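Novice: Return atomic coordinates for the entry below.
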Amino acid sequence: MLTPSELRRVPLSRRPVGQRLLADLYVRPTYALRGVDVVVEGMEQLLSPDPFIVAMNHTDRYNYFALQVELHHRHGRYLASWVKGKYYEHWFSRWFMRTMSNIPVPSRGYVIAGRFKEHLGRPPTTNEYLQLRSVLDGKTNLELSEAVQSHTGADLAAWAVRTEHDFELLSREAVELTRRALQVGMGVLIFPEGTRSPTLLKGHGGIAQIAQHFGIPIVPVGCSGSIDVYPGDTPWPHPGRITYRVGAPILPSPAMQAPAGFTPLSKEATQAHGAQFQAHVDLVMDRISELVDPCHRPSDAPTTTTTVGVDRFI
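Specialist: Numbering: from 1, shown residues only. Below you'll find the predicted structure:
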């Protein structure tokens, strides 16, 4: 499981060697071989010398590839992507993410599942995770499984405090990594939905907290067609067209702006200013919805995502 010291050692480069090699040695040649066309409308919005955050829908595992290739090939610009903490667990994916200058952002679910696995030698089941999440959310009048009781101990409130503390230590380093990426001249790419889905889901408030903390705009990007080029888990593309539409930068209205001085990604910030953050990200998601093809817009039908249960975290 990631530690704050490991996060502090994540390398960030304005011109990440992994992005350049992946683009030139794999992605561009396979696009030419397989007949993949990439269209970027509004690219000028991603070329600002000032810091910004990119918010994009997350249709499939590789839908950021083509945008990063276009930025590298045509403009020599690069994005540091927020990725789940679990991708730094395995040595190969950790090496890949580090060479790409991607930023691991552990979630509360990652901390819950990771600490459980450290204690009991296995990940929690979905039911065990839901029990633990309920305890963290302050619900203590629960019937807990034997494994959950063993992990949390007799004092559920103390376990919740320790877990939240661990999460906030990791979050602090993720915020610092984001600051460093912006400082070296990269944009930062965040998927507000937090998971992959062919149609838009509700966005989470973390991206608004980060943007407001640093006082920078969010640039909305709608990605369409990538799920047809990358329909599965392998990075071998199918023929097709990937279209990115880049919208104008978004700053929060005064009603969406939280007072200065909050700690981003903390429970206190969400409790005090959650409504403002959610209104901000809702505006961003509305803009993304205008930028994607109709098939990717929000649907009332059930959406199938590629990760379920604790597989999202560990």
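Novice: how about the strands in the protein?
Specialist: 36-41, 53-56, 79-84, 103-105, 187-190, 218-224, 240-246 (DSSP state E).
Novice: JSON lines please, covering these and showing distance to Ala260 and mean pLDDT.
Specialist: Backbone N, C-alpha and C define where each C-beta goes, glycine included. Listed next are the strands of the chain as JSON lines, based on distance: least, Cβ to Cβ, whole Å; pLDDT from 0 to 100:
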{"stretch": "strand 36-41", "distance to Ala260": "35", "mean pLDDT": "98"}
{"stretch": "strand 53-56", "distance to Ala260": "18", "mean pLDDT": "98"}
{"stretch": "strand 79-84", "distance to Ala260": "23", "mean pLDDT": "97"}
{"stretch": "strand 103-105", "distance to Ala260": "22", "mean pLDDT": "97"}
{"stretch": "strand 187-190", "distance to Ala260": "20", "mean pLDDT": "98"}
{"stretch": "strand 218-224", "distance to Ala260": "18", "mean pLDDT": "98"}
{"stretch": "strand 240-246", "distance to Ala260": "29", "mean pLDDT": "98"}
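Novice: what stretches of the stretch 151-300 of the chain score poorly on pLDDT?
Specialist: In the predicted model of the stretch 151-300 of the chain, residues 300 satisfy pLDDT under 70.
Novice: Let me have the strands of the chain in a markdown table, extended by mean neighbour count and distance to Thr126.
Specialist: A markdown table is the format used below for the strands of the chain (neighbours: other Cβ atoms under 10 Å; distance: least, Cβ to Cβ, whole Å):
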| stretch | mean neighbour count | distance to Thr126 |
| --- | --- | --- |
| strand 36-41 | 17 | 37 |
| strand 53-56 | 25 | 28 |
| strand 79-84 | 22 | 17 |
| strand 103-105 | 25 | 22 |
| strand 187-190 | 24 | 26 |
| strand 218-224 | 25 | 30 |
| strand 240-246 | 20 | 34 |
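Novice: Give the burial count for Gly185, as a bare number.
Specialist: 13 (other Cβ atoms under 10 Å).
Novice: one step back: redo the strands of the chain as a markdown table? Include distance to Leu265.
Specialist: Formatted as a markdown table, the strands of the chain follow (distance: least, Cβ to Cβ, whole Å):
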| stretch | distance to Leu265 |
| --- | --- |
| strand 36-41 | 30 |
| strand 53-56 | 14 |
| strand 79-84 | 11 |
| strand 103-105 | 8 |
| strand 187-190 | 12 |
| strand 218-224 | 16 |
| strand 240-246 | 26 |
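Novice: and Asp293, which of those is closest to it?
Specialist: strand 218-224 (3.9 Å; Cβ to Cβ).
Novice: sorry, back to before: to Gly309, which of the strands of the chain lies closest?
Specialist: strand 79-84 (14.2 Å).
Novice: Nearest to Glu290, out of the strands of the chain?
Specialist: Short answer: strand 218-224, nearest of the strands of the chain by Cβ to Cβ, at 7.4 Å.
Novice: Residues contacting the closest one, please?
Specialist: For strand 218-224, the surrounding residues in contact (Cβ atoms under 8 Å, 6 or more residues apart in numbering) are 45-46, 52-57, 59, 63, 67, 187, 207-208, 211, 242-250, 284, 287-293, 295-296.
Novice: now the residues you listed: which count as buried?
Specialist: 45-46, 52-57, 59, 63, 67, 187, 207-208, 211, 242-247, 249-250, 284, 287-289, 291-292, 296 (16 or more other Cβ atoms under 10 Å).
Novice: burial count for the residue lying closest to Asp233 once chain neighbours are set aside?
Specialist: Using Cβ to Cβ, 6 or more residues apart in numbering and skipping the chain neighbours, the partner closest in space to Asp233 is Arg61 (6.1 Å). Neighbours of Arg61 under the rule other Cβ under 10 Å: 16.
Novice: show me the contacts for Arg61.
Specialist: Arg61 sits in contact with 196, 230, 233, 235, 306, where contact means Cβ under 8 Å, 6+ apart.
Novice: Return the member of those nearest to Thr126.
Specialist: Thr306 (15.8 Å).
Novice: Nearest residue to Val27 in space, please, no chain neighbours.
Specialist: Val69 (5.0 Å).
Novice: Now do the one you found against Pro106, distance only.
Specialist: 28 Å (Cβ to Cβ, to the nearest Å).
Novice: what about those two, which has more around it?
Specialist: Taking other Cβ under 10 Å, Val69 and Pro106 do not tie; Pro106 has more neighbours (24 against 21).
Novice: Dihedrals phi and psi, that one?
Specialist: Main-chain dihedrals, Pro106, degrees, to the nearest 10: phi -70, psi 140.
Novice: Would you confirm that it contacts Glu6?
Specialist: No: the criterion here is Cβ atoms under 8 Å, and Pro106 misses it with Glu6 at 10.6 Å.
Novice: what's the nearest residue to Gly109 once chain neighbours are set aside in contact with, if anything?
Specialist: Distances taken as Cβ to Cβ, 6+ apart place Phe313 nearest to Gly109, at 4.1 Å, with adjacent residues excluded. Going by Cβ under 8 Å, 6+ apart, Phe313 touches 84-86, 107, 109-110, 112-114.
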